[in-house]
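In: what shape does this take:
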Amino acid sequence: MAEAMTVPQRVRGLFRLTALAGLALLSACQTIVPRGPAPAPEQKVPPPVSSTEVQPGLPRDTARNRVALLVPLSGANAGVGKSLANATQLALLDSRNDKVRITSYDTATGAGPAAQRAIAEGAQLILGPLLAEDVRAVTPVARAAHVPVLSFSNDVSVAGDGVYLMGYTPGQSIERVVSYARSKGVTNFGGLIPNSLYGSRASTTFLRAVESSGGKVVSLQTYDRAAGAMAAAVARMAKDAPFDGVLIADSGAAAAAGAPLVRKSSPQVRILGTELWNSDSGIAARGALDGAWYASVSNGLYRQYAAKYRARFGAAPYRLSSLGYDAVLLTVRISHDWKIGAPFPEARLRSGEGYAGIDGAFRFGRDGVAERALEVQEVKAGGTTIVSPAPGNFAR
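Out: Numbers count the residues shown, from 1 in each chain. From the prediction side, this is the model:
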């Protein structure tokens, strides 16, 4: 049987990522009825409860610390929410946990009330929510109860003061790919940025990253989602051509539409992308992006996890579901020092301690945002290849 993934106590040098644990299959729980006369009512023992399943409603196991999983289990985002819930169940199985009970709550019916119910039912740690607006609804409830929140959002504005972000932030991805591009001689940069909150933050990071690395942003153009808007932005940018590299801070599909237009004025340009491309399962089939670079978390362990997920749940996981798996690994690791019934030891999250998971090494910064060790991948016909592996340690 394969060993369960372990999480290191401290990361002070190289991270050693263990292979994913073999999937433990649960046998059906049975209530054993004793022979002979029935015991007196006060001597009755409740039936045993599986120690590894994510249970809806009030947790029934008082011998474990209670953790709430707040994700959308109905409505438009139910698919990703259920995938996150499945991932937490798989992580409990793989870690052979016996100290944590995870209870799921549906944020689609109201994230604030879901948090109130979870805390009333004894939750000492919240995993989730997924959406930034739901994090904002949960935060005052959790803070009042001194319950930490490990959110799956990537909106850095909701982090801090007891709220920690597991999500992949565009800033880290852009800084990494710009740094790599500069190391390969890219000097003059252009940027194509969508008019959105994501785009606004991406542009700020892009300008700062290029400047700090000694490069120059020659042109930065924004565009709406209207038909022809990107083509118009590229036409404006072409007046300042040629470029060595152009960042398209959008999805893989949008970047594939814009790349041929950019290359008309700068044939040798290197197209750069963000972490959004890693969620595009068809990125390798987008021929227009051949040779493009983007920075993201590693997919090495994720592929193994996805195969196990499909074997157990009969469907492919959402890419973001690995956040749920890694959040459980972190929780289980800390649970070794978490006394039953005591508050969650939040200081462990603020200590700068590093953890290893499906998505590689990460640690929480002072701002509560997960700092991740990212790799740079190049899109090739029929696949992607790693051109710059994730660093083995975090710079202090």
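
In: for the longest helix along the chain, which positions count as buried?
Out: The longest helix of the chain (DSSP state H) is helix 78-95. Within helix 78-95, the residues that count as buried by 16 or more other CB atoms under 10 Å are 80-95. Where C-beta positions appear, they are placed from N, C-alpha and C, glycine not excepted.

In: for those residues, which one is nearest Ala311?
Out: For the buried residues of helix 78-95, the residue nearest Ala311 by CB to CB is Leu90; the value is 10.1 Å.

In: distance check, the closest one against Asn97.
Out: Distance, Leu90 to Asn97, using CB to CB, to the nearest Å: 11 Å.

In: please apply the same query to Phe344.
Out: From Phe344 to Asn97 the distance is 15 Å (CB to CB).

In: got the phi/psi numbers for Thr384?
Out: phi -130, psi 160 (degrees, to the nearest 10).

In: could you report the neighbour count for it?
Out: 19 (other CB atoms under 10 Å).

In: from what I can see it touches Arg286, true?
Out: No. With contact defined as CB atoms under 8 Å, Thr384 does not reach Arg286; the gap is 10.7 Å.

In: okay, buried residues for stretch 142-161 please.
Out: 142, 145, 147-156, 158-159.

In: between those residues, which sits nearest Gly354?
Out: Once CB to CB is applied, the member of those that ends up nearest Gly354 is Leu150, at 15.6 Å.

In: show me what whichever strand or helix holds that closest one is in contact with.
Out: In this assignment (DSSP states H and E), Leu150 forms part of strand 149-151. For strand 149-151, contacts defined as CB atoms under 8 Å, 6 or more residues apart in numbering pick out 125-130, 135, 138-139, 142, 158-159, 162-167, 327, 330-331, 349.

In: helix, strand or coil for the closest residue to Lys82 other than its chain neighbours?
Out: Nearest residue to Lys82, sequence neighbours excluded (CB to CB, 6 or more residues apart in numbering): Leu73, at 6.1 Å. On the three-state scheme (DSSP: H, G, I helix; E, B strand; the rest coil), Leu73 is labelled coil.

In: Gly79 is in contact with Leu73, correct?
Out: No. Applying CB under 8 Å as the test, Leu73 and Gly79 come out as separate, 10.1 Å apart.

In: show me what the helix or strand containing Tyr325 is packed against.
Out: Tyr325 is part of helix 321-335 when elements are defined by DSSP H and E. If you count contacts as 3 or more CB pairs under 8 Å, 6 or more residues apart in numbering; DSSP states H and E, helix 321-335 packs onto strand 65-71, helix 78-95, strand 100-106, strand 125-127, strand 149-151, helix 300-313, strand 354-357.

In: mean pLDDT and distance to Ser200 for these - can I get that in a markdown table?
Out: As requested, the helices and strands packed on helix 321-335 are exported to a markdown table (pLDDT from 0 to 100; distance: least, CB to CB, whole Å):
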| stretch | mean pLDDT | distance to Ser200 |
| --- | --- | --- |
| strand 65-71 | 97 | 27 |
| helix 78-95 | 97 | 24 |
| strand 100-106 | 96 | 31 |
| strand 125-127 | 98 | 28 |
| strand 149-151 | 98 | 20 |
| helix 300-313 | 96 | 29 |
| strand 354-357 | 91 | 29 |
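
In: among those, which is nearest Leu276?
Out: Nearest of these (CB to CB): helix 78-95, 14.8 Å.

In: relative to helix 321-335, how tilted is the closest one?
Out: Using axes from the mean of the first three to the mean of the last three CA atoms, to 10 degrees, one finds that helix 78-95 and helix 321-335 are set 40 degrees apart in direction.

In: tell me the contacts of Pro148?
Out: Per CB under 8 Å, 6+ apart, neighbours of Pro148: Leu125, Ile126, Ala142, Gly162, Val163, Tyr164, Phe344, Glu346, Leu349.

In: let me know the closest of these to Asp106.
Out: Using CB to CB, the contacts of Pro148 come closest to Asp106 at Ile126, 13.7 Å.

In: I'd like to know how far Ser321 sits from Asn86.
Out: Distance from Ser321 to Asn86, by CB to CB: 7 Å.

In: which neighbours do these two share?
Out: Common neighbours of Ser321 and Asn86 (CB under 8 Å, 6+ apart) are Tyr309.

In: am I right that Ala241 is in contact with Gln268?
Out: No. Ala241 lies out of contact with Gln268 (CB under 8 Å); the separation is 10.8 Å.

In: the more surrounded of these two?
Out: Higher neighbour count among Ala241 and Gln268: Ala241, with 18 against 8, using other CB under 10 Å.

In: and that one, what element?
Out: Ala241 belongs to no helix or strand, assigned by DSSP H and E.

In: distance check, the nearest residue to it once chain neighbours are set aside against Val246.
Out: Sequence neighbours aside, Ser265 is the residue nearest to Ala241 in space, at 3.8 Å (criterion: CB to CB, 6+ apart). For Ser265, the distance to Val246 (CB to CB) stands at 10 Å.

In: ok, the two, which is more surrounded?
Out: More neighbours surround Val246 than the other of Ser265 and Val246, with 29 against 18 (other CB under 10 Å).

In: residues in contact with the more buried one?
Out: Contacts of Val246 (CB under 8 Å, 6+ apart): Phe189, Gly190, Gly191, Leu192, Met237, Val262, Ser266, Val269, Arg270, Ile271, Leu272.

In: got the phi/psi numbers for the second one?
Out: It refers to Gly190. phi -120, psi 160.

In: show me the contacts for it.
Out: Gly190 touches 217-221, 237, 240-241, 243, 245-247, 262, 266, 269, counting by CB under 8 Å, 6+ apart.
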